[in-house]
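1. what's the 3D shape of this:
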Amino acid sequence: MSQRIDWLSRLLEMMPVTGKLELHCLYGAPWRVAYEQGAAQDIVYHVILSGEAWLNDRHGNKAQRLTSGDILLVPAGAPHVLTDGSGTEPVKATQRQGLNVVISENSGQGERLDMLCGRFVLAPPHDRLLGTYLRSRMIVRGTSKSAISPQSVTRQQMEALVGLMRAEANVEGIGGQAMLNAFSAALFTLALRLASQSHDAPLGLVALASHVRLAPALNAIFFEPARPWTLSKLASLCNLSRATLARYFESSLGRSASELLQDVRITLAANALRMPTTSTATAADLAGYRSEAAFQRAFKQHLGLTPAQWRASRTAKATTDTDGASSAADPQIRQSEEHRDVSNQA
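-> Okay, the predicted model is just below:
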């Protein structure tokens with residue numbers, strides 16, 4: 001088995017994430033942007049292009065400063081507030097619809113902020129599974145104290161990608177919305193890569209990936225999940241004791257290696273069941289279950305539906321999505337409406 005692992009590519013292959021840039025904020029202080037509770041499958045993001053912002057939440061945590069180049073990811077649509085930090089009553093913002101993105105502006109005369117806002121969307125059941133491992137809000141810093149660091153190449157790539165997003169948001173060319181959404185999806189991948197290279201990665205997969213010695217175990221879980229892995233076998237791949245491997249997983253991931261393996265297996269099976277020609281027995285075998293009854297129990301425990309119910313729900317959703325697309329109103333108008341909760345409080 002190869003000791004090299006690209007866990008992130010494999011993860012996103014199994015659990016695809018789509019991105020959407022929604023708002024370009026151009027503010028002068030004082031300003032305020034508030035996000036109410038959103039959809040659980042959404043990871044809201046903010047990219048500070050220039051200026052600074054202060055992040056507050058509603059749980060009394062200390063405010064955090066964001067500066068040029070920083071990226072904030074807020075999972076599970078959690079409520080949060082960004083301000084200029086002055087505590088002054090904000091100047092009301094107005095919106096105008098550009099060709100590819102909504103532009104939010106105010107008449108504030110203080111320090112300027114240039115910020116891109118959007119969201120990454122996880123499709124079921126990935127919102128439930130991947131969300132388990134990305135449950136903490138995360139700030140990916142755009143600069144480092146060290147000019148030469150393991151993250152320097154990734155930071156350069158991030159800077160180049162953000163530059164492309166900024167340029168495309170300011171140019172009203174056809175195809176721009178598709179490009180911005182593609183850039184957003186790439187932004188998610190780069191943000192996780194950069195976070196995994198940090199010494200202070202938040203609890204979850206990115207923290208687990210920072211432990212180089214665990215690469216063989218992660219490789220086994222993501223690339224050969226159907227094999228009958230035990231904690232002892234996974235530990236031996238890493239030349240670690242069972243207790244040490246278990247401690248690494250619990251301290252970094254907040255879950256056991258067995259739970260991660262089970263989640264990967266169920267995800268693969270759920271993806272396979274989207275195909276009408278895939279039988280439950282075939283999905284069970286793909287996920288490493290030799291007993292179809294055991295697979296049925298595990299699947300329902302994870303997703304709250306039997307394999308048959310899951311397949312039926314996906315078929316019904318696909319039909320609904322198709323019907324909705326054919327009768328939808330102007331998407332530009334709908335997009336503007338989605339941001340009223342943000343702009344009215346800015």
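2. pretty sure Ala40 is touching Val121, no?
-> No - using CB atoms under 8 Å, Ala40 is not in contact with Val121, being 10.7 Å away. Just so you know, the C-beta spots here come from the backbone N, C-alpha and C atoms, and that holds for glycine as well.
3. So for the two, which sits in the more crowded spot?
-> Val121 (18 against 13; other CB atoms under 10 Å).
4. which ones are touching that one?
-> Residues in contact with Val121 (CB atoms under 8 Å, 6 or more residues apart in numbering) are 17-20, 41-43.
5. Report the buried residues of stretch 266-281.
-> By neighbour count on 16 or more other CB atoms under 10 Å, the buried set for stretch 266-281 is 266-273, 278, 280.
6. could you dump those to CSV with pLDDT, secondary structure and distance to Arg193?
-> As requested, these are exported to CSV (pLDDT from 0 to 100; DSSP: H, G, I helix; E, B strand; the rest coil; distance: CB to CB, whole Å):
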residue, pLDDT, secondary structure, distance to Arg193
Ile266, 92, helix, 25
Thr267, 90, helix, 21
Leu268, 90, helix, 23
Ala269, 93, helix, 27
Ala270, 92, helix, 26
Asn271, 90, helix, 23
Ala272, 92, helix, 28
Leu273, 92, coil, 30
Thr278, 92, coil, 32
Thr280, 94, helix, 36
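7. between those residues, which is closest to Leu187?
-> For the buried residues of stretch 266-281, the closest approach to Leu187 (CB to CB) belongs to Thr267, at 22.7 Å.
8. from the buried residues of stretch 266-281, which two are the most distant?
-> Thr267 and Thr280 (15.8 Å).
9. who wins for neighbours among the contacts of Val121?
-> Among the contacts of Val121, the one with the most neighbours (other CB under 10 Å) is Ile43, at 26 neighbours.
10. What sits closest to it if chain neighbours are left out?
-> Phe120 (4.3 Å; CB to CB, 6 or more residues apart in numbering).
11. Low-confidence stretches in the stretch 101-250 of the chain?
-> 127-133, 135, 143-150, 198-204, 206, 209 (pLDDT under 70).
12. 80 instead, please
-> Filtered on pLDDT under 80, the stretch 101-250 of the chain yields the residue ranges 123-136, 142-152, 172, 195-212.
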